[in-house]
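In: Build me a structure from this.
(2 chains)
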2 protein chains.
Amino acid sequence: MTTIAVVTLSGGMDSCVTAAIARESHRLALLHARYGQRTEMREEKAFRDIADHYGVGRKMRLVIPAPHFSFIKGSSLTDAGRMIPLSMPGKGEVPSTYVPFRNAFILSAAVSWAEALGARRVFTGITEADCSGYPDCRSAFVDAFNRLVAAGTRRGSRIRVKAPLLRLTKSEIVRKGIALGAPFHLTWSCYLSKGPEACGRCASCRLRLKGFHEAGLPDPIPYSITPQEVTRGI
Amino acid sequence: MTTIAVVTLSGGMDSCVTAAIARESHRLALLHARYGQRTEMREEKAFRDIADHYGVGRKMRLVIPAPHFSFIKGSSLTDAGRMIPLSMPGKGEVPSTYVPFRNAFILSAAVSWAEALGARRVFTGITEADCSGYPDCRSAFVDAFNRLVAAGTRRGSRIRVKAPLLRLTKSEIVRKGIALGAPFHLTWSCYLSKGPEACGRCASCRLRLKGFHEAGLPDPIPYSITPQEVTRGI
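Out: Numbering: from 1, shown residues only, chains lettered A, B, ... in the order given. Alright, predicted model coming up:
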């Protein structure tokens, strides 16, 4: 029998490619967090669409509510009173879109589920190469998290968190996804727009578009700016 | 100005004493998780009562929903189809009431809040001395969690998780709480009863009663068994 892997799936391109990688060798259990970001409903649609695409049934999908991220007002992603930056962050700078310790929260839920399922793998799309500057997207974070899992779960559960994109650039992630037939057309990365078109201007859109541009491939999702504006913005 | 500490407050005796300790040197921010345990509403009442007792306002209280713990069916505490054990677990055994990786999940939310508040301390009532046998209640877990916090939060946030009861026995916790005027009468530890009386028979009641008994002090909450039965059960 194929073993199960829990995959944290935001619905963005990185987590979609991560699911495509996990699926090569595991049965998927998909976890999504509803954490009060502006594009919450659009991201959840992407999660559902990708789960449908891979034929993942209801019992293997888990959407967790995380309304405290709005309550604590720690990020421009979740606090309607703050602006989403349209420029890329400077080197070593933590952008205002950083949601404090969010990945630890989501991965903890994923490990709980893995332990209950008897699954030994949790996959996350964390990447530090074409980096957002988030402290919880670094290899040191993943390593520390794995030591926590070893210390805090049942002896013998042997759960490991895998971050297969950790050292890949965005264009390498695009190529990897294409090679695996990842459904990029179903993904959503934009920080600002709730659809149907992505803004093409926020830091997340720009990082994504740069990845497709450098890979020499078209991004299949619609943007509200022209292809010329897209190229200029990269 | 007094600095803020985030305290994870289940509403049980350990977390209540932890709040009493934190309050000696900090302003309290209280976090509670609603994770689908049988006694959820009663525990949340204990949380509210203790928060009221300490005069903690609405903005410094945070209740997080965690319905996935029921969904994943990983524990007899959250799965109505399973029995709550009435005997104490054997040495080295993980009891069925263990909720997989729950403390990592709750502490992650607490650290998120601390980072947003600029607080440098998170307090938890984790104790390993009179131990429940839970893997996420050990000093190795707390140490690993602190390394994760250092790796996964903003440089300079300097958040530390403190577990002041880690090496105290239940009777030492009782004495500590009495010394600090902790409102034990407002706490709830029972795994089974939703109130107004605790069962006195589940593992959590027995550990609590043993603590008060050994400290030579009466437990101020009502039990549905007689004092004689209580003493026999210890």
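
In: what lines up beside the longest strand along chain A in the sheet?
Out: Identified as the longest strand of chain A according to DSSP state E is strand A:27-34. Within its sheet, strand A:27-34 is paired with strand A:4-8 (parallel), strand A:61-65 (parallel), according to DSSP bridges.

In: Show me the contact partners of the helix or strand just after the last one.
Out: Following strand A:61-65 in sequence order, the next helix or strand is helix A:68-71 (DSSP states H and E). Taking C-beta atoms under 8 Å, 6 or more residues apart in numbering or on different chains as the criterion, the residues outside helix A:68-71 that touch it are A:35-37, A:75, A:78-79, A:99, A:102, B:62, B:64, B:109, B:112-113. For the C-beta atoms, the positions are set from N, CA and C on the backbone; glycine is no exception.

In: Also stretch A:201-217?
Out: Residues contacting stretch A:201-217 (C-beta under 8 Å, 6+ apart): A:12-13, A:84-89, A:95, A:97, A:130, A:132, A:169-175, A:178, A:189-192, A:198-200, A:218-219, A:223, A:225, A:230-231, A:233-234.

In: Can you flag the buried ones in those?
Out: A:12-13, A:84, A:89, A:95, A:97, A:130, A:132, A:169-175, A:189-192, A:198-200, A:219, A:223, A:225, A:230, A:233 (16 or more other C-beta atoms under 10 Å in any protein chain shown).

In: on that earlier part again, buried residues, the longest strand of chain A. List them.
Out: A:Leu28, A:Ala29, A:Leu30, A:Leu31, A:His32, A:Ala33, A:Arg34.

In: Just give me the closest of the residues you listed to A:Ala151.
Out: For the buried residues of strand A:27-34, the residue nearest A:Ala151 by C-beta to C-beta is A:Leu31; the value is 21.6 Å.

In: Which strands or helices does the helix or strand bottoming out on mean pLDDT in chain A pack on?
Out: Lowest by mean pLDDT, DSSP states H and E among the helices and strands of chain A is helix A:227-233, with a mean of 73. Here helix A:227-233 touches helix A:203-215, going by 3 or more C-beta pairs under 8 Å, 6 or more residues apart in numbering or on different chains; DSSP states H and E.

In: what is the mean pLDDT for whichever helix or strand comes after the longest strand of chain A?
Out: Using DSSP H and E, the helix or strand that follows strand A:27-34 towards the C-terminus is helix A:40-53. Mean pLDDT, computed over helix A:40-53, is 97.

In: what do you get for stretch A:211-221?
Out: Here the average pLDDT along stretch A:211-221 is 96.

In: if we can go back for a sec, and the buried residues of strand A:27-34, which is closest to chain B?
Out: Nearest to chain B among the buried residues of strand A:27-34: A:Leu31, at 8.2 Å, using C-beta to the nearest C-beta.

In: ok, that closest one - contacts?
Out: Neighbours of A:Leu31 in contact, by C-beta under 8 Å, 6+ apart: A:Val6, A:Val7, A:Thr8, A:Leu9, A:Arg61, A:Leu62, A:Val63, A:Ile64, A:Ile106, A:Ala109, A:Ala110, A:Trp113.

In: follow-up on the earlier one: would you list the strands paired with strand A:27-34 in TSV and tack on distance to B:Ala163 and mean pLDDT?
Out: Shown next, in TSV, are the strands paired with strand A:27-34 (distance: least, C-beta to C-beta, whole Å; pLDDT from 0 to 100):
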stretch	distance to B:Ala163	mean pLDDT
strand A:4-8	27	98
strand A:61-65	25	98
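
In: Buried deepest among those, which one?
Out: strand A:4-8 (a mean of 26; mean count of other C-beta atoms under 10 Å in any protein chain shown).

In: A:Glu24 against A:Leu180, yeah?
Out: Yes. Contact criterion C-beta atoms under 8 Å: A:Glu24 and A:Leu180 qualify, at 7.2 Å.

In: the more surrounded of the two?
Out: Counted by other C-beta atoms under 10 Å in any protein chain shown, A:Glu24 and A:Leu180 do not tie: A:Leu180 has more neighbours, with 14 against 7.

In: just to revisit the earlier point, any idea which of the strands paired with strand A:27-34 gets closest to A:Ala119?
Out: That would be strand A:4-8 among the strands paired with strand A:27-34, by C-beta to C-beta, at 4.1 Å.

In: now the angle from that closest one to helix A:40-53?
Out: 160 degrees (axes from the mean of the first three to the mean of the last three C-alpha atoms, to 10 degrees).
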